[in-house]
Every structure is written in structure tokens, then in C-alpha cells.
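In: Need a 3D model of the following:
(2 chains)
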Amino acid sequence: AQSVTQPDIHITVSEGASLELRCNYSYGATPYLFWYVQSPGQGLQLLLKYFSGDTLVQGIKGFEAEFKRSQSSFNLRKPSVHWSDAAEYFCAVGAGGGATNKLIFGTGTLLAVQP
Amino acid sequence: DGGITQSPKYLFRKEGQNVTLSCEQNLNHDAMYWYRQDPGQGLRLIYYSQIVNDFQKGDIAEGYSVSREKKESFPLTVTSAQKNPTAFYLCASSMFGSSGNTIYFGEGSWLTVV
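Out: So this is what the prediction gives:
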């Protein structure tokens, strides 16, 4: 069965420091991978997505993610964190055969940014 | 502006009552979805619809019902049969129902049972 694991429930980083959020997936075929960000009480905003091609994907707000098939990982990175990046981050894999598009989400990583 | 509109933002329901959450999109998307979010559990799929007048159960459909009479609208009814309805509900849509299409989300609706 498809699944997504985000091993870190909560991470705290200092403003200006680098960030890496981990995501591991389990999927039998070529995965479609996504990172979303959610501010408190709001909907989810797409940061970036991987469908195929270059394994290093650039997204909005200075985020990037690298797809590593051998490690079944799709970690999210940012070289310098800003206070406005404090939010919850969700990794997701596109699941479902045929014409079905269902996302399987990880449980999220809550990011706190220290001044 | 194109987007997904959910209403109401906050809703209180007495036990034993049905309640309907509205979801409208003007993105001309074929597929629409309802997710439920609980703390520490991520998002779980309730129902999805790939075309008008057709919908399928997701992972946690018990106690919920939907309809898709128009392409733009996908309302969710939380029935009294749902044992633990207090949650944050997210509506979403995508251009097509095929894997790999980006799913876009609305701003969510908070439902509290009192």
C-alpha cells in the first residue's frame, strides 16, 4: 500500500539557518510527489511537485526538493529560513491507478522559527 | 480571481443534526475532493468526484454524503451517523482525475459538534 512518512513531527530552526524536512514514501510505481505548506487555520498551498525529469525541483518561496529513488525520499530544503516560513509542511504522493488522482499525505512537520 | 471557495468557515452543530459544507470552484476543474484533517493525522480522503453526477468513496466515507450535480459544486453533508465529526474539512480540485495532476485546496471549514 502507498504511504508517506514524515519522521519529524516538530522542528525548530533559527532565522537565517538552513532547513531540511524529511519525507519517505512507499509506492510501487513511479511516484508523483508534492510538498504543501499550511498556515494555521488555512488551506494548503502547493510549494513544489515532482512528476519526472530533473530530480532537483525548484518551488516557490525559495524552497527546493530532491527526489532520490534509491532512498525513496523527497526531502524539502531551504538555504535560509525566514520567520514567515513558520507553518506546517506536508509531503504527499499521488496514488491511484488509471484515472484516479488521490493524494496520500504524511502526518506533517510543524516548523517553528526562532528569531 | 479563480479559486476554490468553502463556506461557512466556522460551523457549530448539535449532536444528531446533519450539516452541509459548501464547496464551489471556478477553475473549470473536472475533479473535486473532500479531505478531513485531524491533528497529528494529516489529511484523509472522504469522497472524490471525477465528473458530474459521479463520485467515489475515499478512505473514510462512513457518515458522510456528497453530490455532484454541477461541475463547479461539490457539497459535503456530515450526517448524524458520523461519530466524531469535529474536524477541519478541506475541499480540493484538479484539472483531471488522473494521477499527477496538481490538486488545489480551498481555505477549509471548521466543524464543531456541541
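In: chain center to the lowest-mean-pLDDT helix or strand in chain A: distance?
Out: Counting by mean pLDDT, DSSP states H and E, chain A has its least confident helix or strand at strand A:102-105, which shows a mean of 86. Chain-centre distance of strand A:102-105: 12 Å, with Cα atoms, centre = their mean, to the nearest Å.
In: I'd like to know which elements the helix or strand following it is packed against.
Out: Following strand A:102-105 in sequence order, the next helix or strand is strand A:109-114 (DSSP states H and E). Strand A:109-114 sits against strand A:10-14, strand A:19-21, strand A:87-95, with contacts defined as 3 or more Cβ pairs under 8 Å, 6 or more residues apart in numbering or on different chains; DSSP states H and E. Placement of C-beta: from N, CA and C, glycine included.
In: ok, the very next helix or strand once past the shortest one near chain B or not?
Out: Which is strand A:19-21. Following strand A:19-21 in sequence order, the next helix or strand is strand A:24-26 (DSSP H and E). No - under the criterion of Cβ under 8 Å from any Cβ of the partner chain, chain B is not reached by strand A:24-26; the shortest gap measures 13.1 Å.
In: For strand A:24-26, list every residue counted as buried.
Out: Within strand A:24-26, the residues scored as buried using 16 or more other Cβ atoms under 10 Å in any protein chain shown are A:Asn24, A:Tyr25.
In: Name the strands paired with the following helix or strand past that strand and say parallel or antiparallel.
Out: Later in the chain than strand A:24-26, the nearest helix or strand by DSSP H and E is strand A:32-38. Using DSSP bridges, strand A:32-38 pairs in its sheet with strand A:44-50 (antiparallel), strand A:87-95 (antiparallel).
In: which outside residues touch strand A:32-38?
Out: Strand A:32-38 has contacts (Cβ atoms under 8 Å, 6 or more residues apart in numbering or on different chains) with A:21, A:23, A:25, A:44-51, A:59, A:61, A:63, A:65, A:67, A:74, A:76, A:87-94, A:103, A:108, B:99-100, B:102-103, B:105.
In: Using PDB, write out every CA atom in it.
Out: Below are the C-alpha coordinates for strand A:32-38, written out as PDB (Å, rounded to 0.1, in the frame of the first residue of the first chain):
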ATOM      1  CA  TYR A  32       4.200  11.800  -8.300                       C
ATOM      2  CA  LEU A  33       5.400  13.800  -5.300                       C
ATOM      3  CA  PHE A  34       4.300  17.000  -3.700                       C
ATOM      4  CA  TRP A  35       5.100  19.400  -0.900                       C
ATOM      5  CA  TYR A  36       2.400  21.600   0.500                       C
ATOM      6  CA  VAL A  37       2.500  24.300   3.200                       C
ATOM      7  CA  GLN A  38      -0.300  25.200   5.600                       C
END
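In: residue closest to the middle of chain B?
Out: B:Trp34 (2.8 Å; Cα atoms, centre = their mean).
In: How many residues are close by the nearest residue to A:Ile11 once chain neighbours are set aside?
Out: Leaving aside its sequence neighbours, A:Ile11 sits nearest to A:Leu111 (Cβ to Cβ, 6 or more residues apart in numbering or on different chains; 5.5 Å). As a burial measure, A:Leu111 scores 21 neighbours (other Cβ atoms under 10 Å in any protein chain shown).
In: okay but A:Leu111 is in contact with A:Ser14, surely?
Out: No - using Cβ atoms under 8 Å, A:Leu111 is not in contact with A:Ser14; the gap is 11.9 Å.
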